[in-house]
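*Asks:* model this:
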Amino acid sequence: MKTLYLDCGMGAAGDMLSAALINLLPEPEKMLDELNSLGIPGVEYRLKKAEKCGVTGSQMEVFVNGVREDEIIHEHEHHHEHTHEHEHEHGHSHSHGGGMSEIEHIVNGHMNAPEEVKEDILSVYGIIAGAESLVHGESVQNVHFSEVGAMDAVADIAAVCLIMRKLSPDRVVASPVHVGSGRVKCAHGILPVPAPATAYILSGIPIYGGEIDGELCTPTGAALLKNFVQEFGDMPVMTVEKIGYGMGKKDFKYANCVRAISGEEKEAGDRVIELSCNIDDMTAEEIGFALEMMLEGGALEAFTTPAGMKKNRPGTLFTVLCEPQNKEKIEALIFKHTSTIGIRECEKERKILKRETVIADTEYGSVRIKKSSGGGFQKEKYEFDDLANIARERGISLREAKNLVDGGE
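*Replies:* Numbering: from 1, shown residues only. Below is the predicted model of the structure:
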């Protein structure tokens, strides 16, 4: 499985992400030419080498009408949430405001990019729009973003979206996001880090502060992570193929960069969530019905195990396996259909064989055959329901039905 891991130990910003990701491609300079052919009005991309704490990486510089993006900050008055006159400068300017209609015009009217890239760009801006509307108490259509309307912001987002499409990872994982600490100066006063829009965007994502005083994760960086990252946590077991470092502008005692790692993740198994609880006050009928509800709700497996409980009571261990994205739904079903008031959770890796179902036409009717293979093993078996139907129709045993399908007497 082609996997991309993003190390956000020093936060994230659009320019840092694009600089890290472009170095995962076989020919970064060719990608740079493609970025410069996007046709974003007045925008030019440049990639230069940079070093932080002895580590060599790249910085993505965006020039708008010949002016470097971080210099634009000092040429325009800021009438938006972030002035970005704080310690962690990612090279991401937030200039004059605008709305979604302006962004849609730039993307659909000017940009020479595949349709799926345009969709990604608008999706990222939609995330920012939702956050800004909550912060300012306005509808998404009426909100003026702190970053919308700035060509450099469009350029940063477009670069990441295009490069991600080029990389096309099967799975994207990121570390918990370091947001920094302290306060950030903005047009309306002094606000805590993470700033309001960034905090909304990062909801549901593991974040943490630290000893660095300043804003490490920008709204654009947060929105890009929200759009592309499927899972946040430790780096998975993978064979590393390429590493890219996207450097920020400021210097700290820690290397100020986003690190992107691409490689092959072991496909021997997949991850499942195991949910379990102990029950001693439900009837067998109620437990049986609850198991059926779990499977109807999308659980991979649901089963019970006899258990000895406190006060020497015989009880039942109720266990459900589900996919990570289905966890909350299954938890709700467990609370609804059982008497438990608490659920235990753990993540497990299961090793599975590749599976397929083929249909065999026999003189007794169609019979599904479930085939499994992998790791030098091959297995197959008839679908129980199909054999059972033959057995019922002919008044024979299940074993006799199997023998008939196999060609026996």
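
*Asks:* Next up, phi/psi of the residue nearest to residue 364 when sequence neighbours are not counted, please.
*Replies:* Ranked by Cβ to Cβ, 6 or more residues apart in numbering and with sequence neighbours excluded, the top spatial neighbour of residue 364 is residue 390, at 5.1 Å. Placement of C-beta: from N, CA and C, glycine included. Geometry field for residue 390 lists phi and psi as phi -60, psi -40, criterion degrees, to the nearest 10.

*Asks:* Helices of the stretch 51-200 of the chain, start to end?
*Replies:* With DSSP state H, counting those that start in this stretch as the criterion, the stretch 51-200 of the chain has helices at 69-72, 100-110, 115-136, 151-167, 196-201.

*Asks:* so the fourth one versus helix 115-136, what angle?
*Replies:* Meaning helix 151-167. Between the axis of helix 151-167 and that of helix 115-136 there is an angle of 130 degrees, by axes from the mean of the first three to the mean of the last three Cα atoms, to 10 degrees.

*Asks:* pLDDT weak spots in the stretch 151-300 of the chain?
*Replies:* Segments of the stretch 151-300 of the chain classed as low confidence (criterion: pLDDT under 70) are 186-188, 266-269.

*Asks:* Where do the strands of it begin and end?
*Replies:* Secondary structure of the stretch 151-300 of the chain (DSSP state E, counting those that start in this stretch): strands located at 171-174, 177-178, 180-181, 183-186, 189-192, 207-208, 214-215, 231-232, 238-247, 257-265, 269-279.

*Asks:* how many neighbours does the residue nearest to residue 364 have?
*Replies:* Other residues near residue 390 come to 20 when the count uses other Cβ atoms under 10 Å.

*Asks:* if I look at it, how far off is residue 310?
*Replies:* Distance, residue 390 to residue 310, using Cβ to Cβ, to the nearest Å: 49 Å.

*Asks:* Repeat that for residue 136.
*Replies:* Distance, residue 136 to residue 310, by Cβ to Cβ: 53 Å.

*Asks:* ditto for residue 128
*Replies:* In terms of Cβ to Cβ, residue 128 sits 51 Å off from residue 310.

*Asks:* if you count what's nearby, which of these two comes out ahead?
*Replies:* A side-by-side neighbour count of residue 128 and residue 310, using other Cβ under 10 Å, places residue 128 first with 28 against 8.

*Asks:* Distance of that one relative to residue 363?
*Replies:* The separation that residue 128 has from residue 363, given Cβ to Cβ, amounts to 64 Å.

*Asks:* Now for the nearest residue to residue 218 once chain neighbours are set aside, how many residues are close by?
*Replies:* Using Cβ to Cβ, 6+ apart and skipping residues adjacent in sequence, the residue nearest residue 218 is residue 13, 4.5 Å away. Look at residue 13: counted by other Cβ under 10 Å, it has 29 neighbours.

*Asks:* Now do residue 13, the pLDDT please.
*Replies:* At residue 13, the predicted lDDT confidence score is 94.

*Asks:* I figured it hits residue 220, correct?
*Replies:* Yes - in this structure, residue 13 sits in contact with residue 220. The criterion is Cβ atoms under 8 Å, and the distance is 6.4 Å.

*Asks:* what about residue 195, how many neighbours?
*Replies:* Counted by other Cβ under 10 Å, the residues lying close to residue 195 total 24.

*Asks:* pretty sure it contacts residue 215?
*Replies:* Yes - using Cβ under 8 Å, residue 195 and residue 215 qualify as a contacting pair, with a distance of 6.4 Å.

*Asks:* ok, now which ones touch the closest residue to residue 247 other than its chain neighbours?
*Replies:* Residue nearest to residue 247 in three dimensions, not counting chain neighbours: residue 50, with 4.0 Å by Cβ to Cβ, 6+ apart. Residue 50 is in contact with 56-59, 247, counting by Cβ atoms under 8 Å, 6 or more residues apart in numbering.

*Asks:* gap between residue 50 and residue 243?
*Replies:* In this structure, residue 50 and residue 243 are 15 Å apart, going by Cβ to Cβ.

*Asks:* One more: residue 253?
*Replies:* The span separating residue 253 from residue 243 equals 22 Å under the rule Cβ to Cβ.

*Asks:* Which one of these two is surrounded by more residues?
*Replies:* residue 243 (16 against 8).

*Asks:* ok, the residue lying closest to that one once chain neighbours are set aside - contacts?
*Replies:* Distance criterion Cβ to Cβ, 6+ apart; nearest residue to residue 243, sequence neighbours excluded, is residue 261 at 5.3 Å. By Cβ under 8 Å, 6+ apart, the contact set of residue 261 is 4-7, 235, 238, 240, 242-244.

*Asks:* what about burial for those residues, which qualify?
*Replies:* When burial is judged by neighbour count using 16 or more other Cβ atoms under 10 Å, the buried members of these are 4-7, 235, 238, 243-244.

*Asks:* Between the residues you listed, which sits nearest residue 355?
*Replies:* Taking Cβ to Cβ as the measure, residue 238 is the one of the buried ones among the contacts of residue 261 closest to residue 355, at 24.1 Å.

*Asks:* give the contact list for the closest one.
*Replies:* 3, 5, 261, 263-266.

*Asks:* Any idea what it is bridged to?
*Replies:* residue 265 (DSSP bridges).

*Asks:* again, but for residue 374
*Replies:* Taking DSSP bridges, one obtains residue 377 as the residues bridged to residue 374.

*Asks:* quick one: contacts for it?
*Replies:* With contacts taken as Cβ under 8 Å, 6+ apart, residue 374 has the following neighbours: 352-354.

*Asks:* Turn the residues you listed into JSON lines, including pLDDT.
*Replies:* Listed next are the contacts of residue 374 as JSON lines, based on pLDDT from 0 to 100:
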{"residue": "352", "pLDDT": "82"}
{"residue": "353", "pLDDT": "83"}
{"residue": "354", "pLDDT": "83"}
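
*Asks:* Nothing else from me, thank you.
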